[in-house]
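> Based on what follows, work out the 3D shape:
(one chain, ligands or ions: 1)
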Amino acid sequence: MAIKFSRNECIFTLTTKRTAYAFQIAKGKYPVHLYYGKKSGEIKPWDPYVVSFSPYLAEFGNTWSPDIFPQEISFFGAGDFRTSALRLAGKDGNSVTSFDYKSYHYIDGTADIPGLPQARGGEDVKTLCITMEDKVTGCLLNLYYTVFYECDVITRHMELINKKKDDVVIEKCMSMTLDLPNDEYDMITLYGGHYDERNLSRNPIAHGNQSIFSRRGASSPQFNPFFALCDHKATENKGDVYGFNLVYSGSFLAEVEVDQMGHTRVQTGLGSECFRYTLKGGERFVSPEAVMTYSAKGFGEMSRNFHKFVLGHILPEKAVKNPHPVVLNTWEACYFNIDEEKLVAFAEESAKCGFDMLVMDDGWFGARNHDHAGLGDWTPNPEKFKNGLKSFVDRVKAKGISFGIWIEPEMINPDSELYRAHPDWCLRVPGRPTSLSRDQLVLDMSNPSVIAYLKGIFAKTFDGVAIDYFKWDMNRHLSEVGSAALPPEQQCEVFYRYQKGVYELLQWFNETFPDAMIETCSGGGGRYDLGMMCYGWQIWASDNTHPYDRIWMQRSALMGYPAATMSCHVSNPGENEKSLDFRYKVAVGGMLGYELNILRMTEPIKAIMSRQTKEYHRYESLIRTGEYYSLACPFETCYECHYYANEEHSQFLFGLSFKRSAKAGFVTAPMKISLADKNATYRDLLSDKVYSGEELKNGLRFTASGEEYEAILMWLVKE
Ligand code: DGJ
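Residues are numbered from 1 along each chain as shown. Model prediction:
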């Protein structure tokens with residue numbers, strides 16, 4: 001049983017395969033956190049103690065201070081001075097928030113989170129709901145804990161129900177609170193920017209509040225919503241690690257706060273800066289789903305827990321079951337110069353090279369000959385497609401290849417037919433200038449008329465056109481966030497409502513074009529999050545396609561997300577065969593694609609690409625669904641090394657790439673494939689060399705020549 005309640009001590013215990021999570025209802029009123037970590041023996045009730053200057057409720061004596069005991073949910077203003085998860089203002093305008101425990105119930109599977117993406121259930125999934133109530137505002141609060149037993153993941157979200165007639169304003173909303181009993185942790189985050197996504201930062205936490213966040217209306221490349229806390233000595237294979245994430249793609253806040261006692265509070269959710277929500281009488285509000293996992297065996301196990309969770313419960317099932325196509329994307333080859341004849345020739349050459357799909361990127365619609373015009377006008381440019389889109393797509397398909405197309409539904413250029421017709425459909429604040437970014441404005445996705453228009457225009461444009469893939473882009477962040485469709489008191493809801501509009505349209509795409517896959521993108525990997533992963537098969541990892549940079553970008557994405565989510569392209573190698581080989585070996589760390597002018601490639605280069613795609617198709621499933629083991633981290637040394645293993649551990653795809661900084665004669669540490677069977681032999685099907693299991697277990701060493709573009713790839717299969 002994954003969820004247990006011990007009536008005597010009022011303790012709830014949630015267990016996954018290797019972890020336990022426990023809390024107690026103290027004094028019949030407070031949910032007090034007791035434990036999160038390795039499955040262990042006895043879990044003891046909280047032992048209260050007095051701390052001077054800490055407020056307490058007289059009825060329970062001075063040892064029961066909300067400022068001291070570990071909370072399951074922290075409320076603002078009622079004696080807990082630490083950062084809070086929930087702040088509500090009632091009709092008296094006061095924000096003091098306090099709820100008492102009322103009841104609990106179990107749900108088989110998950111609890112619904114209407115309008116937001118959420119993890120799918122499964123046989124091993126159970127939910128506990130704790131209900132609390134506040135007699136002053138008349139609100140009920142449901143805390144949901146969903147246990148994904150096999151993945152060692154627990155997710156959390158909350159639901160507020162306003163039972164009275166008066167409005168209640170939600171001023172801060174975090175999806176989870178986790179109070180850990182000490183502060184001996186490093187915090188791991190992924191920070192960066194456009195072209196520079198997912199750098200890894202590791203720093204000891206300190207007294208006070210440290211946070212990562214987005215105020216941009218997209219989860220953003222500046223801080224990915226994934227983060228982790230680990231003990232100071234934790235490594236890939238050793239040490240305690242807590243990993244966290246949020247199933248959401250908009251502005252967020254994740255906080256880690258160390259208090260006077262050296263306790264650490266962890267929270268993630270919508271925060272308060274970009275969020276405020278008026279809950280009318282009778283309405284309910286549900287927060288995004290927060291995700292937590294614990295590993296007693298370092299980062300490797302944490303990452304594999306997350307990978308299993310994303311593959312089993314987040315990505316659309318067909319994105320896990322089916323091979324992802326090897327695409328040729330036109331962006332770096334054509335930019336806005338879309339030309340039907342050229343693209344048909346691309347399709348022909350692509351098919352010859354074994355690519356599965358041609359993706360026509362930006363530049364095919366309206367007056368989109370550059371990035372100053374046309375966004376919003378989703379009809380094919382008649383000059384570029386004289387016989388229409390369908391005729392062009394049919395020509396592409398006749399070459400024996402499938403077809404994908406680029407869209408950026410959330411955006412609009414001021415120089416567009418749509419803007420001239422509906423200037424009030426973009427985000428703006430009356431009386432203030434509206435900032436441009438890449439010459440574009442943001443459509444008001446919180447406005448139902450905008451969503452209805454987008455559904456209508458895309459349905460019309462793609463009607464009868466056999467599209468197999470959409471690349472859904474987003475090339476600017478949200479500023480001057482205001483909506484002409486909402487009254488003044490709801491303007492602070494726009495960030496959140498915008499996100500719900502995006503999800504509604506994504507859902508519509510999946511339902512309206514059930515045979516097409518979506519790849520999401522945001523100026524590269526700027527919306528690389530669990531929310532987007534609920535709708536799309538994969539995410540464009542970065543506009544930076546240089547393999548030396550991709551080595552670390554891909555490694556850090558794998559901290560929290562499986563390789564199946566990572567779209568990785570080989571970009572123009574020129575005539576350099578070694579560069580092509582290296583680009584390929586780096587790109588097969590994820591889902592392979594190409595981004596180059598295939599008409600300019602020499603015959604020897606095309607011959608290599610044909611060999612690559614043929615080879616890749618044979619082991620793609622190992623990358624898409626295999627277990628990931630990192631053997632060397634490029635943030636720590638001059639090379640990166642990993643392998644993907646199949647479920648039976650009879651096949652390994654092993655990759656090692658030297659960074660540019662690797663000096664001639666440098667010898668790696670032994671790269672150990674610990675899952676190898678020491679009594680078996682393995683053949684590398686790429687070189688036909690045979691290795692004993694013992695040799696692989698003890699580790700292979702590799703020597704750098706000091707030359708550019710050096711990488712090793714082995715596909716080891718048990719004989
Ligand atoms: C940004 C994306 O990351 C690129 O791949 C490309 O699709 C451009 N946008 C098109 O405008």
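> Report the separation between residue 482 and residue 223.
As for residue 482, its distance to residue 223 is 24 Å (criterion: CB to CB, to the nearest Å). The way it works is simple: take the backbone N, C-alpha and C, and place the C-beta from them, glycine included.
> neighbour count winner among these two?
residue 223 (22 against 18; other CB atoms under 10 Å).
> if I pick that one, what's in contact with it?
189-191, 212-214, 254 (CB atoms under 8 Å, 6 or more residues apart in numbering).
> hey, what's it bridged with?
Bridge pairing for residue 223 (DSSP bridges) gives the partners residue 191.
> Tell me the residues of the stretch 251-400 of the chain that contact the ligand?
Residues of the stretch 251-400 of the chain lying close to the ligand by CB under 6 Å from any ligand atom are 331, 361-362.
> Redo those residues as JSON lines? Include secondary structure, pLDDT and neighbour count.
Shown next, in JSON lines, are these (DSSP: H, G, I helix; E, B strand; the rest coil; pLDDT from 0 to 100; neighbours: other CB atoms under 10 Å):
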{"residue": "331", "secondary structure": "helix", "pLDDT": "97", "neighbour count": "21"}
{"residue": "361", "secondary structure": "coil", "pLDDT": "98", "neighbour count": "21"}
{"residue": "362", "secondary structure": "coil", "pLDDT": "98", "neighbour count": "22"}
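> State the helix or strand in which residue 343 lies.
Assigned by DSSP states H and E, residue 343 belongs to helix 340-352.
> Who are the packing partners of the helix or strand just after that helix?
Once the chain leaves helix 340-352, the next helix or strand it forms, by DSSP H and E, is strand 357-360. Under the contact criterion of 3 or more CB pairs under 8 Å, 6 or more residues apart in numbering; DSSP states H and E, strand 357-360 touches strand 327-329, helix 340-352, strand 402-407, strand 469-472.
> hmm, who's touching the third one?
What it means is strand 402-407. So strand 402-407 is contacted by 325, 327, 331, 347, 356-362, 364, 378, 393, 396-397, 458, 466-473, 519 (CB under 8 Å, 6+ apart).
> For ChimeraX, what selects the buried ones among the residues you listed?
One line in ChimeraX is enough to select the buried ones among these; burial here means 16 or more other CB atoms under 10 Å:
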select :325,327,331,347,356,357,358,359,360,361,362,364,378,393,396,458,467,468,469,470,471,472,473,519
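> The residue of the stretch 51-200 of the chain found nearest the ligand: what's it in contact with?
Residue of the stretch 51-200 of the chain nearest the ligand, by CB to the nearest ligand atom: residue 194 (8.7 Å). Neighbour list for residue 194: 221, 523-524, 526, 543 [criterion: CB under 8 Å, 6+ apart].
> that's a strand at residue 695, yeah?
No: with DSSP: H, G, I helix; E, B strand; the rest coil as the criterion, residue 695 is helix rather than part of a strand.
> separation between it and residue 488?
Going from residue 695 to residue 488 by CB to CB gives 71 Å.
> Of these two, which one has the most company?
Between residue 695 and residue 488, counting by other CB under 10 Å, residue 695 is the more crowded of the two (16 against 7).
> Look up how far residue 128 lies from the closest residue to residue 84 other than its chain neighbours.
Nearest residue to residue 84, sequence neighbours excluded (CB to CB, 6 or more residues apart in numbering): residue 76, at 3.9 Å. Residue 76 sits 24 Å away from residue 128, going by CB to CB.
> These two: which is more packed in?
residue 128 (23 against 20).
> Run through the residues that contact that one.
3, 12, 14, 104-107, 144-145, 147.
> Dig out what it forms beta bridges with.
Here residue 128 sits in beta bridges with residue 106, residue 145, going by DSSP bridges.
> What is the burial count for the residue nearest to residue 163 when sequence neighbours are not counted?
Closest residue to residue 163 apart from its sequence neighbours, by CB to CB, 6+ apart: residue 138 at 4.6 Å. Residue 138: 17 surrounding residues under other CB under 10 Å.
> what does residue 374 give?
Residue 374: 25 surrounding residues under other CB under 10 Å.
> That one contacts residue 413, doesn't it?
Yes: in this structure, residue 374 is within contact of residue 413 by CB atoms under 8 Å, at 6.0 Å.
> okay, residue 40: pLDDT?
pLDDT for residue 40: 82.
> Could you pull up phi and psi at it?
Main-chain dihedrals, residue 40, degrees, to the nearest 10: phi -140, psi -170.
> Quick check: chain neighbours aside, which residue is closest to it?
Using CB to CB, 6+ apart and skipping residues adjacent in sequence, the residue nearest residue 40 is residue 20, 6.6 Å away.
> again with residue 436
Using CB to CB, 6+ apart, the closest residue to residue 436 is residue 414 (7.5 Å).
> Enumerate every residue touching the one you found.
With the criterion set at CB under 8 Å, 6+ apart, residue 414 makes contact with 436, 439, 441.
> from these, which would you call buried?
Buried by 16+ other CB under 10 Å: 439, 441, out of those.
> residues in this protein within reach of the ligand, list them.
With the criterion set to CB under 6 Å from any ligand atom, the chain comes near the ligand through 331, 361-362, 406, 473, 475, 521, 523-524, 540, 543.
> If we use 8 Å, what do you get?
For the chain, the contact set with the ligand under CB under 8 Å from any ligand atom comprises 329, 331-332, 335, 361-363, 371, 406, 408, 471, 473, 475, 521-524, 540, 542-543, 595.
> Residue 697 against residue 676, yeah?
Yes: Residue 697 lies in contact with residue 676 (CB under 8 Å); the separation is 5.0 Å.
> The two: which is more packed in?
The neighbour comparison of residue 697 against residue 676 (other CB under 10 Å) goes to residue 676, with 25 against 15.
> you'd agree the more buried one is in a strand?
No: read with three-state DSSP, residue 676 is coil and lies in no strand.
> follow-up on the earlier one: what does the helix or strand harbouring the residue nearest to residue 40 contact?
Per DSSP H and E, residue 20 falls inside strand 19-26. By CB under 8 Å, 6+ apart, the list of residues contacting strand 19-26 from outside reads 9-15, 31-40, 43, 45-46, 48, 64, 69, 72, 101, 145, 152, 154, 293-294.
> Quick one: mean pLDDT for it?
For strand 19-26, the per-residue pLDDT averages 98.
> Tell me how far that strand lies from the chain's centre.
Centroid separation for strand 19-26 versus its chain: 28 Å, with CA atoms, centre = their mean, to the nearest Å.
> Contact partners for residue 480?
427-429, 432-435.
> so which residue of this protein comes closest to the ligand?
In the chain, the residue that lies nearest the ligand is residue 362 (3.6 Å; CB to the nearest ligand atom).
> Ramachandran angles for that residue?
Dihedral angles for residue 362 - degrees, to the nearest 10 - are phi -50, psi 150.
> Test my guess that it contacts residue 473.
Yes: in terms of CB under 8 Å, residue 362 counts as a neighbour of residue 473; the distance is 7.5 Å.
> intersection of neighbour lists for the two?
Common neighbours of residue 362 and residue 473 (CB under 8 Å, 6+ apart) are 406, 408.
> measure the residue nearest the centre of the chain to residue 522 for me?
Closest residue to the average C-alpha location of the chain: residue 529 at 1.9 Å, with CA atoms, centre = their mean. According to CB to CB, residue 529 stands 10 Å off from residue 522.
> Flag the shaky bits of the protein, pLDDT-wise.
1 (pLDDT under 70).
> I appreciate the help and will end here.
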